[in-house]
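Chemist: Whatever this is, show me its structure:
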Amino acid sequence: QVQLVESGGGLVQAGGSLRLSCAASGLTFRTYAMGWFRQAPGKEREFVTAISWSGGSTIYADSVKGRFTISRDNAGNTVYLQMNSLKPEDTAVYFCAADSRLLPMMRYSFGIDYWGKGTLITVSS
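Modeler: Residues are numbered from 1 along each chain as shown. Next up is the predicted model:
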């Protein structure tokens, strides 16, 4: 059974940093592109960032470019999201995702193979 388990969420002040982790099990991790989505209260789930199976390519939403960094450890079956210069508008539940499609397709939540249950990030002003 595939499991994606996020950790590292919490409360942080604007301008601060957080690092999320997503531990994967039950799948051949190195063959999946991995990504992060988020969903703010009353809004639809939106793409944040994704990384190719090798870690050699990454894509970001414009809203987080330059502030967030995605990385992965294929030996440890874990993907990370380093979030710097956090803003109140970054407040959301952050979801880890695994996808067997090509990296650009991870911008679209439709068709994602596996989802984590999410972790809440609250950024106070």
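Chemist: contacts for the helix or strand containing residue 93?
Modeler: In this assignment (DSSP states H and E), residue 93 forms part of strand 92-99. Applying C-beta atoms under 8 Å, 6 or more residues apart in numbering, the contact partners of strand 92-99 are 2, 4-6, 9, 20, 22, 24, 27, 29, 32-41, 43, 45, 48, 50, 79, 81, 105-106, 109, 111-121. In short, each C-beta sits where N, CA and C put it, glycine included.
Chemist: Tell me the secondary structure of residue 62, please.
Modeler: coil (DSSP: H, G, I helix; E, B strand; the rest coil).
Chemist: Check residue 105 too.
Modeler: Secondary structure state of residue 105, per three-state DSSP, is helix.
Chemist: How far away from the center of its chain is the strand holding residue 93?
Modeler: 5 Å (C-alpha atoms, centre = their mean, to the nearest Å).
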